[in-house]
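Q: give me the fold of what follows.
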Amino acid sequence: MSLIGIDLGTSAIKVAAYAVDGTLLAEARQAVPAHRPQPGYWEVDVGESLTAFREALTTVANHPRVRADPPRAISFSSSGREIFPTASDGAPLGPCLMTADVRGDDVAARTAARRSTEEWFRLAGHVPGRMDPVNRILWWQETNREAVASARWFMNWHDFYALLLSGVPVADASGAGAWAVYDLSSKTWSADLVAEVGLDPQWLPLIQPSASPIAPVTPAAAREFGLPEDTLIVTGAWDFCAAALGTGAVDARTVALASGSWHSFLLPVPSGWKEDLVDEGIAAIPHPGPLGFALASFDPNGMSVIDWARDLLGLSHRELEEGLKGCGPGPGPIFAEPTFTPLPHVPATGRGGLLSGLCLSSSKVDVVRALLEGIACDFSLALDRLHRHGCSPQVIRASGGGAGSAWFMQLHADLTGLPVEVVSQGEPGAFGAALMAGVGCGAYSDLTTAIDRLVVVSRRFEPDPERGRRFDPIRTRLATAGMGR
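A: Numbering: from 1, shown residues only. The predicted structure follows:
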């Protein structure tokens, strides 16, 4: 018996099959093209995502090692918040606007004005910004009434692919928690909020807890992908949360840092949420781990900024890493404010990122190093805000492309004063999804037991407080500029 985890990412779909003991059997990755028809816009063609999904899952399901150890269950790690309208048969009726797409600030402002920020935070865990699915639906209502009139559902990737494989459109609680009409207390859609913002309740998918069975794969999907007919489809989680499971971040002492396209983190908390965090850019979200909730901070300015800069400058990964090895212990000669994509909880004002201190002797490595320093310093400022509100994490578990840079991870340790650990699993999102699949089909008794058995730390970076203090001027400058707020 094997388990398949599918990571439905913003730039790629990754599928991995694991033996019950955690051994990787097969994996596949298919890119999903991004379309940016004009500055500030970012769309994905749902048909292109579907093509990538089909190719990746078919490759893994028919791999000889998976054929020899047939899959028992499949679950998802899904990029959160993105939604799009679909017909009753699941056919998409338009593109998916991605989270960094700046359209809809005016819609978001009207929704947010319905209640105080404190009340929104108490009810939904966040103030609905332009990327909230509720505001995306309202944007669709204003800009494409024809598509809305034909819509049966507005779906996230999780719901869409659950429908494709099982015939049932199911959202997990962590993904549903990204909607302003999800009630954190009752753990379901709020009929009052749905009516208040003017949504049709039939547009909303069903909600199930993560790691719970949805249904067996449909006969048509079993034939198409080469899956056993009794393969169970299991509710997954927001990719942010799934990666936290894959790194073992399920308790209040462990910060899960997702250092991917976005540079975001969550901290599991035992109960409730604090309204005074709303002004700190912190959200409260459902978490599939045993504590049930997490405090989260979302920043789209992560490795997407670094990859953009490398491509622009023609700097390879190898050249960057070699250059960073020769850096001194303190900050580089260039200062960067790396807000190149508007933050999700503030309006898109048109202001972009900032580089200062450039001169004719500045190198490509100097520029990218400054961006890495800015991203890491901003993360440390966000953790400072959590400390001020009584949270006391003791370790950081990092995943994503940024976790592959030893220099970058050491800088995070030095700036925060916390050790940074990287686990051996190369795709924590897909691995976390596979763990949920295993719980859903009974291969593991619960997520904590599975994590204790299977998650292994491969690298650990101890903090150097003296080096961290050298970056205090950058942290002060970023804090004054309002980074992360």
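Q: low pLDDT regions in the stretch 201-350 of the chain?
A: By pLDDT under 70, the weakly predicted segments of the stretch 201-350 of the chain are 272-276, 278-279, 344-350.
Q: all helices for it, in order.
A: Assigned by DSSP state H, counting those that start in this stretch, the stretch 201-350 of the chain shows helices spanning 219-225, 239-247, 303-313, 317-325.
Q: tilt between the last one and helix 303-313?
A: Put plainly, it is helix 317-325. Angle of helix 317-325 versus helix 303-313, following axes from the mean of the first three to the mean of the last three CA atoms, to 10 degrees, is 100 degrees.
Q: how about residues contacting stretch 179-191?
A: Stretch 179-191 has contacts (CB atoms under 8 Å, 6 or more residues apart in numbering) with 111, 120, 123-126, 128, 132-135, 173, 176-177, 193-194, 197, 199, 201, 204, 207, 273, 284, 286, 293. Glycine gets a C-beta too; all of them are placed from N, C-alpha and C.
Q: among those residues, which ones are buried?
A: When the contacts of stretch 179-191 are checked for burial by 16 or more other CB atoms under 10 Å, the buried set is 111, 120, 123-126, 128, 132-135, 173, 176-177, 193-194, 197, 199, 204, 207, 273, 284, 286, 293.
Q: returning to that earlier point: could you dump the helices of the stretch 201-350 of the chain to a markdown table with mean neighbour count and distance to Arg103?
A: What follows is these, written out as a markdown table (neighbours: other CB atoms under 10 Å; distance: least, CB to CB, whole Å):
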| stretch | mean neighbour count | distance to Arg103 |
| --- | --- | --- |
| helix 219-225 | 15 | 34 |
| helix 239-247 | 32 | 22 |
| helix 303-313 | 18 | 18 |
| helix 317-325 | 14 | 33 |
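Q: what's near enough to touch Thr51?
A: Contacts of Thr51 by CB under 8 Å, 6+ apart are Gln30.
Q: let's see 10 Å
A: By CB atoms under 10 Å, 6 or more residues apart in numbering, Thr51 lies in contact with 13, 30, 32-33, 45.
Q: for it, what are phi and psi?
A: The phi/psi pair for Thr51 (degrees, to the nearest 10) reads phi -60, psi -50.
Q: give me the pLDDT value at it.
A: pLDDT for Thr51: 97.
Q: state the distance from the residue nearest the centre of the chain to Ser297.
A: By CA atoms, centre = their mean, the chain has its centre lying nearest to Phe240, at 3.6 Å. Separation of Phe240 from Ser297 (CB to CB, to the nearest Å) stands at 10 Å.
Q: tell me, what's touching these two both at once?
A: In contact with both Phe240 and Ser297: 264-266, using CB under 10 Å, 6+ apart.
Q: and stretch 296-308, how far from the chain's centre?
A: In terms of CA atoms, centre = their mean, to the nearest Å, the centre of stretch 296-308 is set 11 Å apart from its chain centre.
Q: would you put the C-alpha positions of stretch 130-142 in CSV?
A: Output of stretch 130-142 as CSV, limited to C-alpha atoms (Å, rounded to 0.1, in the frame of the first residue of the first chain):
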residue,chain,number,x,y,z
ARG,A,130,-8.7,41.8,-2.4
MET,A,131,-7.3,38.2,-2.4
ASP,A,132,-10.1,36.9,-0.1
PRO,A,133,-12.3,34.5,-2.2
VAL,A,134,-15.4,36.4,-1.1
ASN,A,135,-14.0,39.6,-2.8
ARG,A,136,-12.9,37.6,-5.8
ILE,A,137,-16.5,36.4,-6.3
LEU,A,138,-17.8,40.0,-5.9
TRP,A,139,-15.3,41.1,-8.4
TRP,A,140,-16.5,38.5,-10.8
GLN,A,141,-20.1,39.7,-10.2
GLU,A,142,-19.1,43.2,-11.2
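Q: what's the average pLDDT for it?
A: For stretch 130-142, the per-residue pLDDT averages 94.
Q: circling back to that earlier point, tell me who's in contact with the residue nearest to the centre of the chain.
A: Counting by CB under 10 Å, 6+ apart, Phe240 has contacts 77-80, 174-175, 178, 256, 258, 260, 262, 264-266, 285, 287, 294, 296, 298, 429, 432.
Q: with Ala109 instead?
A: So Ala109 contacts 128-130, 135, 347 (CB under 10 Å, 6+ apart).
Q: stretch 249-267: which residues count as buried?
A: Neighbour-count burial for stretch 249-267 flags 249-252, 254-267 (criterion: 16+ other CB under 10 Å).
Q: ditto for stretch 449-457
A: Buried-residue list, stretch 449-457, by 16+ other CB under 10 Å: 450-451, 454-455.
Q: got these as a markdown table, with secondary structure columns?
A: A markdown table is the format used below for these (DSSP: H, G, I helix; E, B strand; the rest coil):
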| residue | secondary structure |
| --- | --- |
| Ala450 | helix |
| Ile451 | helix |
| Leu454 | helix |
| Val455 | coil |
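Q: of those residues, closest to Ser150?
A: Ala450 (41.8 Å; CB to CB).
Q: what residues go with each domain of the protein?
A: Using automatic domain parsing, the domain ranges for the chain come out as 2-235, 240-423+455-485.
Q: so which of the helices of the stretch 201-350 of the chain comes closest to Pro39?
A: helix 303-313 (13.2 Å).
Q: now, the contacts of stretch 179-191 that are in helices?
A: Members of these lying in helices (criterion: DSSP state H): 111, 120, 123-124, 133-135, 173, 176, 193-194, 197.
Q: hmm, back to that, got a winner among the contacts of Thr51 for most neighbours?
A: Within the contacts of Thr51, neighbour counts (other CB atoms under 10 Å) peak at Ile13, which reaches 26 neighbours.
Q: now it. Nearest residue, chain neighbours left out?
A: Spatial nearest neighbour of Ile13, chain neighbours left out: Ala52 (4.6 Å); criterion: CB to CB, 6 or more residues apart in numbering.
Q: next SSE after the helix or strand where the one you found lies?
A: Element membership for Ala52, per DSSP states H and E: helix 46-61. Sequence-wise, the next helix or strand downstream of helix 46-61 (DSSP H and E) is helix 64-68.
Q: show me how far that next one is from its chain's centre.
A: On the basis of CA atoms, centre = their mean, helix 64-68 sits 30 Å off its chain's mean C-alpha point.
Q: which helices and strands sit right next to it?
A: Under the contact definition 3 or more CB pairs under 10 Å, 6 or more residues apart in numbering; DSSP states H and E, helix 64-68 sits against strand 2-8, strand 12-19, strand 24-31, helix 46-61.
Q: mind doing that once more with 6 Å?
A: strand 24-31 (3 or more CB pairs under 6 Å, 6 or more residues apart in numbering; DSSP states H and E).
Q: now the strand it packs on - C-alpha only, CSV.
A: The C-alpha coordinates for strand 24-31 follow below in CSV (Å, rounded to 0.1, in the frame of the first residue of the first chain):
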residue,chain,number,x,y,z
LEU,A,24,9.6,8.0,-1.8
LEU,A,25,8.6,5.7,-4.6
ALA,A,26,8.0,8.2,-7.5
GLU,A,27,7.5,11.8,-8.1
ALA,A,28,6.6,14.1,-11.0
ARG,A,29,6.5,17.9,-11.5
GLN,A,30,4.7,19.8,-14.2
ALA,A,31,4.9,23.6,-14.6
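Q: for the helix or strand containing Thr480, which residues meet the burial criterion?
A: Assigned by DSSP H and E, Thr480 belongs to helix 472-481. By 16+ other CB under 10 Å, the buried positions in helix 472-481 come out as 474-475, 478-479.
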